[in-house]
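In: model the following, please.
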Amino acid sequence: MKFNIMGNFAANEGLSIFVILVWLGINAFLFVHFYMAFLIDRYYYTRVILGHALSWARAPAACLNFNCLLILLPVCRNLLSFLRGSIQCCSRTAARQLDRNLTFHKLVAYMIALHTAIHIIAHLFNFERFMDSQLMINSSYLPYVLSQIGNNDNTSYLNPIRSNETNPTIVMFTTIAGLTGVVITLALILIITSSMEVIRRSYFEVFWFTHHLFIVFFIGLVLHGVGRIVRGQTLESVAVHNPIKCHRHFEHLG
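Out: Residues are numbered from 1 along each chain as shown. This is a model prediction of the structure:
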């Protein structure tokens, strides 16, 4: 009897568990891969200013892109109808999983909310460290020297806060990355809060209209990386100027 129950459970839930495990595995892989990707030499000087908060901001960003790619698929009616018709001929178990599309949609939304929180917190630390680097006016302090790159004719810079008199809040609302980040976050908060069961049942119109903010959300998401707030050395520069060796002579940076 016990084996019968386990067999039925495996037959009914096995595919769902497999899909969830694959999804979680891809999220874990993306997080670790992109965390490590920002520990390479190209971002050595950026890490001098920001520390590991750089990787903590970029890793969840990669997971956000992946989950935002998935979030709409479970609620595409035409796609689901096509898949149901195609799969039902081969496997009823597989077709049954499509009826759980809203459950997967919610799981992806929770993952987006989690990685958004990590991304925002990491960038708050980043902005604080950018500001601290400008405030510590000391030519023997490497983060300060790195923050002065781009003050002359060179237009490239590492620190988006260009002087110690600049308010980080102004930078947040006057850059593409900062402004779109605020818009994306507000849209996401409205979408998630209006999705609570109590609101969805009592004020369905609120839920319906705020969910259409996904258009604003995706436009902001596409534009968010255009501003390039986080920068590193170019590959050509790393090939000529090894940061591990050059940082000992940082007095000559500029």
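In: residue boundaries of the helices in the stretch 51-200 of the chain?
Out: 53-70, 77-88, 92-97, 101-135, 142-147, 168-174, 176-193, 197-202 (DSSP state H, counting those that start in this stretch).
In: run the chain-centre distance for whatever helix or strand comes next after the last one.
Out: Read in the C-terminal direction, the helix or strand following helix 197-202 is helix 204-211, with elements assigned using DSSP states H and E. Remark: helix 204-211 is offset 25 Å from the chain centroid, using Cα atoms, centre = their mean, to the nearest Å.
In: going forward can the numbers begin at 30, since that is how I track them
Out: OK, 30 is where the count begins now, so the last one is helix 233-240.
In: how far off helix 205-222 does helix 233-240 point, in degrees?
Out: Interaxial angle, helix 233-240 versus helix 205-222 (axes from the mean of the first three to the mean of the last three Cα atoms, to 10 degrees): 160 degrees.
In: same list (the helices of the stretch 80-229 of the chain) but as a markdown table, adding mean neighbour count.
Out: The C-beta positions use only the backbone N, C-alpha and C, and glycine is treated the same way. Below are the helices of the stretch 80-229 of the chain laid out as a markdown table (neighbours: other Cβ atoms under 10 Å):
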| stretch | mean neighbour count |
| --- | --- |
| helix 82-99 | 20 |
| helix 106-117 | 12 |
| helix 121-126 | 14 |
| helix 130-164 | 17 |
| helix 171-176 | 21 |
| helix 197-203 | 13 |
| helix 205-222 | 18 |
| helix 226-231 | 10 |
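In: list of residues touching the strand or helix carrying Ile244?
Out: Using DSSP H and E, Ile244 falls within helix 243-253. For helix 243-253, contacts defined as Cβ atoms under 8 Å, 6 or more residues apart in numbering pick out 93-94, 97, 100-101, 205-206, 209-210, 212-213, 216-217, 220.
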